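> give me a model of this one.
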Amino acid sequence: MNGCNPLMVRQIHSLPDNLSVTEEMLRPFLSAGSSLQQELQKGTLFLLDYEVLDGVPANQINGKPSFLSAPLCLLHLNLEVTADPRPRTPVFLPSDPGCDWLLAKLWVHSADFQVHQLISHYLRTHMVGELCCGATLRHLPPPTLCTRYTHHTHTTHHTHTHTHTCPPHPLHQLLIPHLRSSLQINFQARAALLAAGGVFDQLRGVEALPNSFYSRDARRVWTRCTGKLTHLRDFTQSLGRAAQLDFALWIPNCPSSMSRPPPQEKGSLTEDDLLHFLPDVSTSCRVLSALTLLSQPAVDFVSLKHHLIPLCHYREAVFREGAPRRLVEEVQAELKQISEDIAERNLHLDLPYDYLSPDRIDNSVAI
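From the prediction side, this is the model:
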């Protein structure tokens with residue numbers, strides 16, 4: 001819930017038809033006297049559904065086939081159940097032998113890696129950002145040179161021209177710092193990552209939750225920005241970009257591909273078998289190289305003195321009028337307070353969570 005792709009978590013009040021989990025399966029893991037229906041009504045059950053991957057063909061990697069799955073993962077505050085909706089695929093429970101349960105979690109993490117990179121990260125961040133950028137450049141005028149013609153009285157026949165700079169549209173002023181480099185980085189991604197033979201082609205194979213720091217921090221930053229300036233998308237994938245390398249450095253945490261198909265039965269796996277499901281060393285190195293690049297701070301996020309330029313702070317004067325400048329200063333002060341609150345909270349956490357601290361969020365989708 002605090003990983004690279006926490007927006008996949010959904011609270012549910014009924015089980016999906018394609019999740020073949022029964023009351024008997026879950027009873028040993030529920031509180032004494034509770035039932036599956038009661039837990040659903042209380043809102044303590046959550047679902048990860050990777051249906052979007054169902055039927056997607058996997059590529060060959062280094063001449064060997066890879067495999068994709070579309071698992072369902074049922075989460076309780078104290079329970080996790082994993083299943084693949086396809087026929088003959090068993091439901092995996094925490095009570096299963098260690099290797100079976102570990103492999104089920106590997107499949108979920110692998111599916112999450114695919115969805116995060118291509119949907120949560122590229123589609124919902126980069127492509128949506130490109131739409132905003134295109135609309136701004138086409139329909140919101142930037143500063144332009146304006147010419148005014150002045151005619152003298154009827155006794156003369158001279159015409160004078162006066163040239164001056166017309167101010168940009170106010171929304172252009174507001175949005176353009178948050179669209180910087182969006183088109184450039186998307187062109188590069190399509191050429192290097194998504195094109196035929198690119199990296200992905202070769203490698204692809206909630207507020208109710210306790211300690212959901214993504215949800216809490218994102219909501220606070222969003223509220224401050226939308227309340228005054230309506231920044232639409234700066235922080236939405238700051239976590240996904242910044243956190244992905246931290247989580248993926250341990251390959252079993254985010255397998256980029258799986259080298260064997262999902263198991264059709266339980267109880268026959270060994271630890272050596274688990275290793276053969278993971279991507280090989282060459283593939284893993286290519287993934288980590290790409291994620292290292294994608295996790296670097298953008299050029300516009302680092303000043304000439306190597307200081308970070310955080311959200312709502314700018315290299316140049318975006319607004320020159322008094323009222324908008326005061327508004328920006330108010331937002332900057334509120335975001336600074338959020339950063340201080342997050343830093344204070346992290347002092348008491350075993351694993352600090354600072355990916356959505358405003359002082360770590362850049363102004364645009366630039367990497």
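> what are the ranges of the strands in the chain?
10-11, 45-49, 60-61, 64-65, 72-76, 79-83, 91-92, 144-151, 159-166 (DSSP state E).
> from the contact counts, what lies against the third one?
Applying 3 or more CB pairs under 8 Å, 6 or more residues apart in numbering; DSSP states H and E, one finds that strand 60-61 contacts no other helix or strand. Where C-beta positions appear, they are placed from N, C-alpha and C, glycine not excepted.
> tell me the mean pLDDT over it?
In this model, strand 60-61 has a mean pLDDT of 82.
> just checking: what are the partner strands of that strand?
Sheet pairing of strand 60-61 (DSSP bridges) gives strand 64-65 (antiparallel).
> residues contacting Trp101?
Listed by CB atoms under 8 Å, 6 or more residues apart in numbering, the contact partners of Trp101 are 92-94.
> could I get the pLDDT score of it?
pLDDT, read off for Trp101, is 92.
> list the contacts of stretch 265-282.
61-62, 64, 66, 90, 92, 96-97, 99-100, 102-103, 106, 203, 205, 251-252, 255-260, 263, 284, 287.
> and those, which of them are in helices?
99-100, 102-103, 106, 203, 284, 287 (DSSP state H).
> neighbours of the nearest residue to Ser35 once chain neighbours are set aside, how many?
The shortest distance from Ser35 to any non-neighbouring residue, by CB to CB, 6 or more residues apart in numbering, is to Glu23 (6.6 Å). Glu23 has 10 neighbouring residues, counting by other CB atoms under 10 Å.
> would you agree Glu23 is in contact with Glu39?
No - Glu23 is not in contact with Glu39 according to CB atoms under 8 Å; the separation is 10.3 Å.
> got a PyMOL select line for the buried ones in the contacts of stretch 265-282?
Remark: buried members of those, expressed as a PyMOL selection using 16 or more other CB atoms under 10 Å:
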select buried, resi 61+66+90+92+96+99+100+102+103+106+203+205+251+255+256+257+258+259+263+284+287
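> from Pro352, how far out is Asp217?
12 Å (CB to CB, to the nearest Å).
> quick check: mean pLDDT of stretch 175-192?
77.
> got the end-to-end distance for that stretch?
End-to-end distance for stretch 175-192, by CA to CA, to the nearest Å: 27 Å.
> buried set for it?
For stretch 175-192, by 16+ other CB under 10 Å, it's 175-182, 185-186, 189.
> closest to Ala70 among the residues you listed?
When these are ranked by distance to Ala70 (CB to CB), Ala189 comes first, at 24.6 Å.
> what about that closest one, distance to Asp362?
In terms of CB to CB, Ala189 sits 17 Å off from Asp362.
> also Ser14?
Relative to Asp362, and taking CB to CB, Ser14 is found at 40 Å.
> looking at the two, which is more packed in?
Higher neighbour count among Ser14 and Asp362: Asp362, with 26 against 9, using other CB under 10 Å.
> mind checking the pLDDT average for stretch 353-361?
Stretch 353-361 comes out at a mean pLDDT of 86.
> just stretch 295-306 next, same as before
Stretch 295-306 comes out at a mean pLDDT of 59.
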